[in-house]
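[1] here is my input, please return the structure:
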Amino acid sequence: MTRGIRSRARPELDERTRELLERRAERLRAVPPTVVDEEVAWIAEFPVGDERYALPLAALRAVVPLRRVTPVPLSKPHVIGILRFQGRIVTAVSLASLLGVKGWSQDPAVLLVVDPGWGPLTALDCEQIPKPTTVPASVIEQARAHASGPIIEIPAGTEMIHYLELGRLLDRRTGARGGS
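    Okay, the predicted model is just below:
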């Protein structure tokens with residue numbers, strides 16, 4: 001039995017299908033709309049307990065191991081100790097104590113050496129090395145306009161990032177500049 005030969009030529013399209021395909025082709029040929037480059041702010045994001053916190057990436061000077069801290073007897077409760085960083089003595093402070101957090105989800109392993117913008121460098125204990133990321137600068141400014149304390153809540157998808165204003169946070173605890 002011999003099979004019939006089938007033509008590989010495409011059958012003619014009906015008018016409706018042809019119009020649909022032409023509209024799709026036109027959409028694909030169109031130049032995509034340009035995304036307006038919005039100014040972004042670089043932040044260093046890290047966990048504190050079950051919450052997400054961040055600080056300006058520009059304020060982060062280094063991440064060093066926690067084991068480099070030397071305890072200081074009779075210091076204030078929020079002071080972990082001191083460490084030597086680039087020839088300077090830096091005070092290491094408990095971030096959980098500054099934030100009023102009851103505890104960590106894991107023991108701090110590193111210190112974030114930060115520049116609060118108004119004085120000597122300070123080191124903050126942290127569970128892990130922060131990851132750099134960006135958020136729209138306008139979102140930070142809008143949140144800053146409604147915040148009164150050193151912690152600004154920034155929406156990030158379905159969660160919130162607690163953005164730390166380092167100068168105000170450290171000022172509040174140490175009283176170095178009279179608080180704001």
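[2] chain center to the longest strand belonging to the chain: distance?
    Counting residues, the longest strand found in the chain (DSSP state E) is strand 40-48. Strand 40-48 sits 2 Å away from the centroid of its parent chain (Cα atoms, centre = their mean, to the nearest Å).
[3] following that strand, which helix or strand shows up next?
    Next along the chain after strand 40-48, taking DSSP states H and E as the criterion, comes strand 51-56.
[4] how far away from the center of its chain is that next one?
    6 Å.
[5] stretch 85-98 too?
    21 Å.
[6] touching the longest strand of the chain from outside, list them.
    52-58, 60, 95-96, 99, 101, 104-105, 112, 126-137, 140, 161-163 (Cβ atoms under 8 Å, 6 or more residues apart in numbering). Where you see a C-beta, it was placed from the backbone N, CA and C, and this is true even at glycine.
[7] what residues sit buried inside that strand?
    41, 43-46, 48 (16 or more other Cβ atoms under 10 Å).
[8] residue 89: which of those residues is nearest?
    Nearest to residue 89 among those is residue 44, at 23.2 Å by Cβ to Cβ.
[9] what residues does the residue lying closest to the closest one once chain neighbours are set aside make contact with?
    Excluding the flanking residues, the one nearest residue 44 by Cβ to Cβ, 6 or more residues apart in numbering is residue 130, at 3.7 Å. Applying Cβ under 8 Å, 6+ apart to residue 130 gives the contacts 44-46, 54-55, 60, 63, 112.
[10] how about a cut-off of 10 Å?
    43-47, 53-55, 57, 60, 63, 110, 112 (Cβ atoms under 10 Å, 6 or more residues apart in numbering).
[11] quick one, helices of this protein?
    Here the chain has its helices, by DSSP state H, at 15-29, 95-99, 137-146, 166-174.
[12] ok, which of these comes nearest residue 122?
    helix 166-174 (5.9 Å).
[13] restricted to buried residues, select the contacts of strand 40-48 in ChimeraX.
    Burial among the contacts of strand 40-48 is assessed by 16+ other Cβ under 10 Å; the matching ChimeraX selection reads:
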select :52,53,54,55,56,60,95,96,99,104,112,126,127,130,135,140,161,162,163
